[in-house]
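[1] Here's a sequence, model it:
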Amino acid sequence: TNEAAIMIGPRISHEELLERFNETKSENSVLFCAKVGDRVVGCIHAKQCGEGVAEFGLMAVDPELQSRGIGGKLLQAAESHAAQTWAAGTGRMMVLEVREDVYAWYHKIGYRKTGETVSFPPWLEITRFPVHFCVLERPLP
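    Numbering: from 1, shown residues only. Predicted structure coming up:
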């Protein structure tokens, strides 16, 4: 799946991505990557964001390799790290409200909408229409 119908351009800038990489130099942030050979084919960012809560984001898998379990393995690695390293009992993420296909996948593995929404920053001007994020949470194993 992809967000071409929603986004005008890249969802994250090079500067923002570098900022996320720099965050991983701290103990409360980590970026997991999946590789096939020497090629990175997927990633997920995990961040400790409060007592007992870990936030997951920037999850992406090469569209040609989706539906092969890569995303699930990345999320599982991030959740395990959060539970074991940060003693996180809750996993949290934000999903674009219009991405019901993505929400259905997260729902299947136990994530639920909290009722909280967050506006996508309109000043970024990268969406074709105004969108919001739905906040999802689940207890970590």
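
[2] tell me the secondary structure for Tyr106?
    Classification of Tyr106 using DSSP: H, G, I helix; E, B strand; the rest coil returns helix.

[3] Ok, Ser26 next?
    coil.

[4] how close does it get to Gly69?
    Ser26 sits 30 Å away from Gly69, going by CB to CB, to the nearest Å. Every residue, glycine included, has its C-beta placed from N, CA and C.

[5] Report the buried residues of stretch 45-62.
    Neighbour-count burial for stretch 45-62, with 16 or more other CB atoms under 10 Å as criterion, is recorded at 45-48, 53-61.

[6] Dump those into TSV; add distance to His81, pLDDT and secondary structure as well.
    What follows is the buried residues of stretch 45-62, written out as TSV (distance: CB to CB, whole Å; pLDDT from 0 to 100; DSSP: H, G, I helix; E, B strand; the rest coil):
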residue	distance to His81	pLDDT	secondary structure
His45	11	91	strand
Ala46	6	94	strand
Lys47	11	93	strand
Gln48	10	94	strand
Val53	14	97	strand
Ala54	8	97	strand
Glu55	13	94	strand
Phe56	10	95	strand
Gly57	14	89	strand
Leu58	15	84	strand
Met59	14	87	strand
Ala60	18	84	strand
Val61	18	87	strand
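
[7] Using JSON lines, lay out these together with distance to Gly115.
    Below are the buried residues of stretch 45-62 laid out as JSON lines (distance: CB to CB, whole Å):
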{"residue": "His45", "distance to Gly115": "24"}
{"residue": "Ala46", "distance to Gly115": "23"}
{"residue": "Lys47", "distance to Gly115": "22"}
{"residue": "Gln48", "distance to Gly115": "23"}
{"residue": "Val53", "distance to Gly115": "16"}
{"residue": "Ala54", "distance to Gly115": "20"}
{"residue": "Glu55", "distance to Gly115": "17"}
{"residue": "Phe56", "distance to Gly115": "19"}
{"residue": "Gly57", "distance to Gly115": "19"}
{"residue": "Leu58", "distance to Gly115": "24"}
{"residue": "Met59", "distance to Gly115": "22"}
{"residue": "Ala60", "distance to Gly115": "26"}
{"residue": "Val61", "distance to Gly115": "28"}
